[in-house]
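Colleague: Structure for the following, please:
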Amino acid sequence: MRLNYVVLVIAIALLACIDAVSAAVNSKTSQLISSDSSPLAHSLTAGQNGITEKRFLGRKETVDEDDSTELSADDEERAALTELAKMSIRYGYVDGLVKSQATHVGFTCGLSTATTQSTEVAQVSTASSVAPFGDITSGNSKCIIGSPNKYLTGKDANWIWDNVMNKYVPGFTNLIFDQLVTNNGSLNYCVRWGTEQKLSKSVASKFQAMLTSQINLWNDWLAGYNCWPFEKIDISIVGFAVKDTGLLDWNDDSLGKIYEGILDDEGSPKCPDECYKHQGQAKSADTSACQGKSFDMSLWPSDKFGEGEIGAGGDWGQRIEVNEMLNAMDQEQMRVLLHEIGHGFGLPELYVAENKPRSDFPSSVMDTDLKLTDADGWVLRRVLENIKSRYDF
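Modeller: Here you go, the predicted structure:
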């Protein structure tokens, strides 16, 4: 009896100590406010949509040509955000949406630079290589499902699925999820060198590791969750497309087959259509005519495009302004590339007010955060939960 009493006293003391340490850590953490120094304005490429678009504070605003109502700056910005949110839903995944991809159609979302300002974030993300499972809600099921217990709530993540992603994700079957399952946890990339800048072999040889590290930051939130079977995603680069091979300082196929002079409608180089594995959003298109290796997605470094965009992404891959990419490629987390990969998984623009459950929804890389956060991770998991019935694991 006395021994049990002593054990009880020790346990109470340990709990008090843990509470004290936790309080101290929380106090210190609240002082480490993360900030974002470069808010991004996003735009959707809507093709022949019959609407007029104009740029306001770096954002595309859709307006009625017959509307002559004078709006204040606040009202105008609010209208821009509202309409863009509607476009994000309406044009989320539509065949023929990406004109610049020629027949590599699918969906796209884009980024452009905007006025720099500091943004305070009230919470600090816990995203890491071992993403937390939160409060387990799956009971005795062998497939673990959870709900966030910090940074955001389960209701937050559910709201984004129910009110935004549920309107376009279920009917689209060429998400990065789908491609990974088809390829057993791997992806082949074509590099479209869409600029007149010269590319050295030493720089090009870093692209594979760069893509591998960034997509696995997303996969860290999937590994082990809801029986997702892939602990690590393998990336291979199987080709380089250029206007002129003179832009490269190597001429062999050691980094992948080199394709010269195959151009899309805007004159940007691309790998052959017959090598594109998901032509028409196919699970696995016929690539028997391909002279090289088939590819799933494209990495497309290019000069600025559209109205100053620095990034675009979708099921077809990621397009990034070349200097933005080269300057950031040695960073642990590349905000623009991470954001565009997120669109490939089906995540929406979270800077748009109508795409968020509340005005103080935590920061995320799908908003304007510099890094991937718990908000990104839990929204990603909600997608998996709702499309898992497609798969056999």
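Colleague: per-residue pLDDT, residue 334?
Modeller: For residue 334, the pLDDT comes out at 98.
Colleague: Return the backbone torsion pair for it.
Modeller: In terms of degrees, to the nearest 10, the main-chain angles of residue 334 are phi -100, psi 100.
Colleague: So it sits against residue 214, correct?
Modeller: Yes. Between residue 334 and residue 214 there is a contact at 5.7 Å, judged by Cβ atoms under 8 Å. Placement of C-beta: from N, CA and C, glycine included.
Colleague: and the longest strand for this structure?
Modeller: strand 234-242 (DSSP state E).
Colleague: In the helix or strand following it, which residues are buried?
Modeller: Using DSSP states H and E, the helix or strand that follows strand 234-242 in sequence is strand 257-260. Neighbour counts over strand 257-260 (16 or more other Cβ atoms under 10 Å) mark 257-259 as buried.
Colleague: same thing with stretch 216-230?
Modeller: 216-226, 228, 230.
Colleague: for those, which one is nearest residue 386?
Modeller: Closest approach between these and residue 386, by Cβ to Cβ: residue 226, at 10.2 Å.
Colleague: Return the residues in contact with that closest one.
Modeller: 138, 143-145, 381, 384-385, 388 (Cβ atoms under 8 Å, 6 or more residues apart in numbering).
Colleague: one more time with 7 Å
Modeller: 143-145, 384-385, 388 (Cβ atoms under 7 Å, 6 or more residues apart in numbering).
Colleague: what does residue 325 give?
Modeller: 301, 337.
Colleague: one more time with 6 Å
Modeller: residue 301 (Cβ atoms under 6 Å, 6 or more residues apart in numbering).
Colleague: How about the secondary structure of it?
Modeller: With DSSP: H, G, I helix; E, B strand; the rest coil as the basis, the three-state label of residue 325 is helix.
Colleague: Report pLDDT for it.
Modeller: Predicted confidence (pLDDT) for residue 325: 98.
Colleague: Quick check: it vs residue 203, distance?
Modeller: For residue 325, the distance to residue 203 (Cβ to Cβ, to the nearest Å) stands at 10 Å.
Colleague: what about the helices in the chain?
Modeller: With helices called from DSSP state H, the chain shows them at 2-29, 73-90, 154-163, 176-182, 201-204, 207-219, 322-328, 335-344, 374-387.
Colleague: re earlier: ok, the longest strand of the chain: who's next to it in the sheet?
Modeller: When pairing is defined by DSSP bridges, strand 234-242 lines up against strand 186-192 (parallel), strand 257-260 (parallel).
Colleague: Please look at residue 378 and residue 147 and confirm they touch.
Modeller: No. The pair residue 378 / residue 147 is not scored as a contact, 8.3 Å apart, by Cβ atoms under 6 Å.
Colleague: Which one of these two is surrounded by more residues?
Modeller: The residue with more neighbours, out of residue 378 and residue 147, is residue 378; 27 against 18, by other Cβ atoms under 10 Å.
Colleague: Apart from its chain neighbours, what residue comes closest to residue 376?
Modeller: residue 364 (4.6 Å; Cβ to Cβ, 6 or more residues apart in numbering).
Colleague: right, and that neighbour touches residue 350 too?
Modeller: Yes. Using Cβ under 6 Å, residue 364 is in contact with residue 350, at 5.3 Å.
Colleague: So which bits of stretch 149-167 are buried?
Modeller: Per 16+ other Cβ under 10 Å, stretch 149-167 contains these buried residues: 151-154, 156-161, 164-165, 167.
Colleague: Which pair of the residues you listed spans the longest distance?
Modeller: 151 and 167 (25.0 Å).
Colleague: What mean pLDDT does stretch 157-167 get?
Modeller: Here the average pLDDT along stretch 157-167 is 98.
Colleague: I'd like to check what contacts it. Which residues are they?
Modeller: Counting by Cβ under 6 Å, 6+ apart, 89, 348, 355, 357, 378-379, 382 sit against stretch 157-167.
Colleague: Now it - C-alpha only, CSV.
Modeller: The C-alpha atoms that make up stretch 157-167 are tabulated as CSV, following Å, rounded to 0.1, in the frame of the first residue of the first chain:
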residue,chain,number,x,y,z
ALA,A,157,-10.3,21.0,-42.4
ASN,A,158,-13.8,19.5,-42.9
TRP,A,159,-15.2,22.9,-43.9
ILE,A,160,-12.7,23.3,-46.7
TRP,A,161,-13.5,19.9,-48.1
ASP,A,162,-17.2,20.3,-47.8
ASN,A,163,-17.5,23.8,-49.2
VAL,A,164,-14.6,24.0,-51.7
MET,A,165,-12.8,20.8,-52.7
ASN,A,166,-15.9,18.6,-52.7
LYS,A,167,-17.1,20.6,-55.7
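Colleague: and the contacts of residue 226, which are buried?
Modeller: 145, 384-385, 388.
Colleague: Pick the one among the residues you listed closest to residue 208.
Modeller: For the buried ones among the contacts of residue 226, the nearest to residue 208 is residue 384 (25.3 Å; Cβ to Cβ).
Colleague: Leaving out sequence neighbours, find the closest residue to the closest one.
Modeller: residue 226 (5.5 Å).
Colleague: Check the gap between that neighbour and residue 383 for me.
Modeller: 10 Å.
Colleague: again with residue 291
Modeller: Going from residue 291 to residue 383 by Cβ to Cβ gives 36 Å.
Colleague: More neighbours: which of the two?
Modeller: Taking other Cβ under 10 Å, residue 291 and residue 383 do not tie; residue 383 has more neighbours (23 against 9).
Colleague: residues near the closest residue to the more buried one other than its chain neighbours, how many?
Modeller: Closest residue to residue 383 apart from its sequence neighbours, by Cβ to Cβ, 6+ apart: residue 346 at 5.1 Å. By the measure other Cβ under 10 Å, the count of residues near residue 346 is 28.
Colleague: can you check residue 280 too?
Modeller: Neighbour tally, residue 280, other Cβ under 10 Å: 12.
Colleague: The one 5 residues further on too?
Modeller: A total of 16 residues lie near residue 285 under the criterion other Cβ under 10 Å.
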